[in-house]
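Student: attaching a predicted model along with its sequence, questions to come.
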Amino acid sequence: MSFVVAIDGPAGTGKGTVTKLLAEKTHLINIDTGAMYRCVTLECINKGISTSDEKAILEVLKEINIKLEHNDGKQIVLLNGKDVSEDIRSPKVDSEVAKFAALKIVRDKMTPLQRKMGEEENVIMEGRDIGTVVFPNADVKIFLDCSLEERANRRYKQNLEKGIETSYDEVLNSIIQRHKLETEREIAPLVKAEDAIVVDSTNMTIDEVVTKIESIINLKLKEKNND
Ligand code: DC
């Protein structure tokens, strides 16, 4: 049986960076489920399909082929054979993805794909519903949290570094709206699994978060090997 680590939590908690570093340290395969929802969104945007056109979305889902590969510590996302690692992070995808990810037809396709990935290999899987829906029996469940203000602060600084001009208030508002969409949606909302361990990164460095979760994973791996 495979070993599954579920890392859930809102955007802006450092989840992506933390999961990547943990995958390198623990040799678990990193699965970024957000990238999969981003692929569906990008394909629909490219085809001019809106969230209300379920028939057309179903056609896209029937044909879609998503591969997550890793090369020298870098994640490469292939959508129908094309490298879309950059395209799925565009502002347009950013603003549409939460709406596509809220659709039942989209989740009904992605969830089994994610389960299959976690059944075939030892994985550290990052998302919003991994410990609640995708792998309710995951070996380790972490809920990575952070205050809304600190999440906005981090995104605001990232934007400045990238030369994107936004005010702190704009960033905070967009984070609040996205948080609302993700936590209040009907299907697979972002909630902490009852048995998840909460790690609040508000006042922690990335290294501190990684060290803490790594020790939790190693303890569980030891227990499992002794079984
Ligand atoms: O982690 P991210 O920002 O790349 O996620 C992109 C979107 O997909 C975001 O709106 C949350 C959604 N998502 C989800 O609903 N379920 C997951 N397991 C992962 C991401």
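Tutor: Yep, it's here.

Student: which residues of this protein lie near the ligand?
Tutor: Counting by Cβ under 6 Å from any ligand atom, the chain comes close to the ligand at 11, 33, 34, 37, 38, 97, 98, 101, 127, 128, 129, 182. Quick note: C-beta positions are derived from backbone N, CA and C, even for glycine.

Student: and the longest helix along the chain, what's buried?
Tutor: For the chain, the helix with the greatest residue count under DSSP state H is helix 206-226. Within helix 206-226, the residues that count as buried by 16 or more other Cβ atoms under 10 Å are 209, 210, 213, 217, 221.

Student: for the residues you listed, which one is nearest residue 77?
Tutor: In terms of Cβ to Cβ, no member of the buried residues of helix 206-226 lies closer to residue 77 than residue 210, at 22.8 Å.

Student: does the nearest residue to residue 128 once chain neighbours are set aside sit in a helix, a strand or a coil?
Tutor: The shortest distance from residue 128 to any non-neighbouring residue, by Cβ to Cβ, 6 or more residues apart in numbering, is to residue 190 (4.4 Å). Put simply, residue 190 is coil when judged by DSSP: H, G, I helix; E, B strand; the rest coil.

Student: over to the one 5 residues further on?
Tutor: Remark: residue 195 carries the secondary structure label coil [criterion: three-state DSSP].

Student: list the helices and strands the longest helix of the chain packs on?
Tutor: helix 15-26, strand 140-145, strand 197-200 (3 or more Cβ pairs under 8 Å, 6 or more residues apart in numbering; DSSP states H and E).

Student: what average pLDDT does it get?
Tutor: Averaged over helix 206-226, pLDDT sits at 94.

Student: and for it, what's in contact with it?
Tutor: Under the criterion Cβ atoms under 8 Å, 6 or more residues apart in numbering, residues 3, 5, 7, 14, 17-18, 21-22, 25-26, 28, 124, 139-140, 142, 144, 197, 199, 201, 204 lie in contact with helix 206-226.
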